[in-house]
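Trainee: the sequence and its predicted three-dimensional model are supplied below.
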Amino acid sequence: LAKTTQPISMDSYEGQEVNITCSHNNIATNDYITWYQQFPSQGPRFIIQGYKTKVTNEVASLFIPADRKSSTLSLPRVSLSDTAVYYCLVGDIYSGAGSYQLTFGKGTKLSVIP
Amino acid sequence: DTEVTQTPKHLVMGMTNKKSLKCEQHMGHRAMYWYKQKAKKPPELMFVYSYEKLSINESVPSRFSPECPNSSLLNLHLHALQPEDSALYLCASSQDLWEAATEAFFGQGTRLTVV
């Protein structure tokens, strides 16, 4: 599973577009990039997934450059309800030495300010 | 139904107690997972159930014991826990094992406090 690096925290005002970048320099050829959102005392929720270029759904966009060594989650016109921790995951569950590993990155805490 | 249901939502237990956390999904998913999440930390994978087989993570203490009664239920039995085991315990499921990261559904979690 590729190691990921994200900013620890970000602040944004309501109505602004927020871009959260994740670095994953050792991404493997078959790895997908997935973003999850987590509110306090709740389980993570799948937001978006991509392999290359750009993916857009009703919640967010995901931009992936040609070298795939980073990705940017874009949240358009954030509201207070977007305050959460956002996790970037690269690759999938890994089996090694008789056990499975799936390592979430440290996540980015987004605080939306009125 | 796209939910993973966990019960109870909150649990306080003493160090000598035995309790169980329950997790249920009706999406026909073939893989289920238990995670532990400490405050301000990411979730950590504890156990994996896939293809009717439980995979035990040897780094998880034996005071945590998973059980899978059927393909839609996954329990976590707790015995002789320590205060440092207090955390949010999350259950998740995915269509298949290889979608554990790319398309997993998480429950709301059980907030466990060990006193």
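Mentor: Arrived safely, thanks for sending.
Trainee: residues of chain A that sit close to chain B?
Mentor: A:1, A:32, A:34, A:41-46, A:49, A:87, A:89, A:91-93, A:98-107 (CB under 8 Å from any CB of the partner chain). The way it works is simple: take the backbone N, C-alpha and C, and place the C-beta from them, glycine included.
Trainee: out of these, which are inside strands?
Mentor: With strands taken from DSSP state E, the overlap with those comprises A:34, A:45-46, A:49, A:87, A:89, A:99-101.
Trainee: max pairwise distance over these: which two?
Mentor: The most widely separated members of these, counting by CB to CB, are A:Arg45 and A:Ser99 (26.2 Å).
Trainee: wait, what's in contact with A:Thr56?
Mentor: Going by CB atoms under 8 Å, 6 or more residues apart in numbering or on different chains, A:Thr56 touches A:Leu62.
Trainee: any idea how far it is from chain B?
Mentor: As defined by CB to the nearest CB, to the nearest Å, A:Thr56 lies at a distance of 17 Å from chain B.
Trainee: show me what that residue is bridged to.
Mentor: Beta bridges link A:Thr56 to A:Ser61 when assigned by DSSP bridges.
Trainee: wait, isn't A:Ser9 in contact with A:Val112?
Mentor: No. Counting by CB atoms under 8 Å, A:Ser9 does not reach A:Val112; the two are 12.0 Å apart.
Trainee: who's more crowded, those two?
Mentor: More neighbours surround A:Val112 than the other of A:Ser9 and A:Val112, with 20 against 11 (other CB atoms under 10 Å in any protein chain shown).
Trainee: now name the helix or strand holding that one.
Mentor: Taking DSSP states H and E as the definition, A:Val112 sits inside strand A:108-113.
Trainee: what comes into contact with that strand?
Mentor: Here strand A:108-113 makes contact (CB under 8 Å, 6+ apart) with A:6-14, A:18, A:20, A:75, A:78-87.
Trainee: can you check stretch A:87-94 too?
Mentor: Residues outside stretch A:87-94 that contact it (CB under 8 Å, 6+ apart): A:1-2, A:4, A:6, A:20, A:22, A:24, A:27-28, A:31-38, A:44, A:71, A:73, A:100-102, A:104-105, A:107-108, B:42, B:45, B:48, B:97-102.
Trainee: got it, and stretch A:29-36?
Mentor: So stretch A:29-36 is contacted by A:2, A:22, A:24, A:27, A:44-51, A:60, A:62, A:64, A:68, A:71, A:73, A:86-92, A:104, B:101-103 (CB under 8 Å, 6+ apart).
Trainee: kindly report the same for stretch B:67-87.
Mentor: Here stretch B:67-87 makes contact (CB under 8 Å, 6+ apart) with B:13, B:15-26, B:30, B:32, B:34, B:36-39, B:46-47, B:49, B:52, B:54, B:63-66, B:89, B:91, B:112-115.
Trainee: so which of those residues are also by chain A?
Mentor: Restricting the contacts of stretch B:67-87 to those near chain A by CB under 8 Å from any CB leaves B:Cys91.
Trainee: how about the helices in chain A?
Mentor: Taking DSSP state H as the test, none of chain A falls into helices.
Trainee: residue in it nearest to chain B?
Mentor: Evaluated by CB to the nearest CB, chain A has A:Gly43 as its residue closest to chain B, separated by 2.9 Å.
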